[in-house]
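Trainee: Let's see this in three dimensions:
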Amino acid sequence: MKKNHLPLVLTLLFLGFNVVSPAQQIITGTVTSDSVKVLAGVTVEILGTTIATLTDQEGRYTISAGDQATLVFRLQGYIPQEIPLNGRTQINVVLQRNRDSAAALQPGLLSLLKAPFHYCSLSHPGIPMKIKTSLPAMVKFD
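Mentor: As a prediction, the model looks like this:
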């Protein structure tokens, strides 16, 4: 007589996954900058996983995570933040601007901005003089 153990195995697997997996919850929130502007395109990821989402045009996000997970908020030009959920379901974040944001530029562009010999010459047929300025003087970083 052959016994069918499939129902028992499936029951044990189901119970095992329920015991091991943390409680999932929907986390929502808004990401703004230190100048109180909403930030679109911020990556919101669960630390230690490949699960992530992006903020929308109003800086809002929604992600499903365990109640003890840690969210990481990243946007180029801003200092990343890691925030533990500790059971919370709404996390609003204010990202601080990285004051060294010029270092985040592509290395080639950064070296171009530092080079003193790159000039832009502006002239007009009706204006007898030419205005010359260096590229770094023309580019302003907030």
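
Trainee: Flag every buried residue along the longest strand seen in the chain.
Mentor: Selection of the longest strand in the chain by residue count, based on DSSP state E, yields strand 24-33. Buried residues in strand 24-33, counted by 16 or more other Cβ atoms under 10 Å: 27, 29-33. From N, CA and C alone the C-beta is placed, and that goes for glycine too.

Trainee: from the residues you listed, which has minimum pLDDT?
Mentor: Checking pLDDT across the buried residues of strand 24-33, the minimum falls on Ser33 at 93.

Trainee: what about that one, distance to Thr62?
Mentor: Remark: distance between Ser33 and Thr62 (Cβ to Cβ, to the nearest Å) = 20 Å.

Trainee: Do a quick rundown of the helices in the chain.
Mentor: Per DSSP state H, the chain carries helices over the ranges 6-20, 107-114, 135-138.

Trainee: How about Asp34, nearest residue that isn't a chain neighbour?
Mentor: Of all residues not flanking Asp34 in the chain, Gln96 sits nearest, at 5.0 Å (Cβ to Cβ, 6 or more residues apart in numbering).

Trainee: Count the residues that sit near the one you found.
Mentor: Using other Cβ atoms under 10 Å, Gln96 has 11 other residues around it.

Trainee: now swap in Arg74 and tell me
Mentor: The number of residues packed around Arg74, counting by other Cβ under 10 Å, is 15.

Trainee: do the same with Gln81
Mentor: Summarising burial for Gln81: neighbours were counted as other Cβ under 10 Å, giving 16.

Trainee: Quick one: residues contacting it.
Mentor: With contacts defined as Cβ atoms under 8 Å, 6 or more residues apart in numbering, the neighbours of Gln81 are 72-73, 93, 95.

Trainee: returning to that earlier point: include distance to Thr89 when you put the buried residues of strand 24-33 into CSV, please.
Mentor: As requested, those are arranged in CSV below (distance: Cβ to Cβ, whole Å):
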residue, distance to Thr89
Ile27, 6
Gly29, 9
Thr30, 14
Val31, 16
Thr32, 19
Ser33, 23
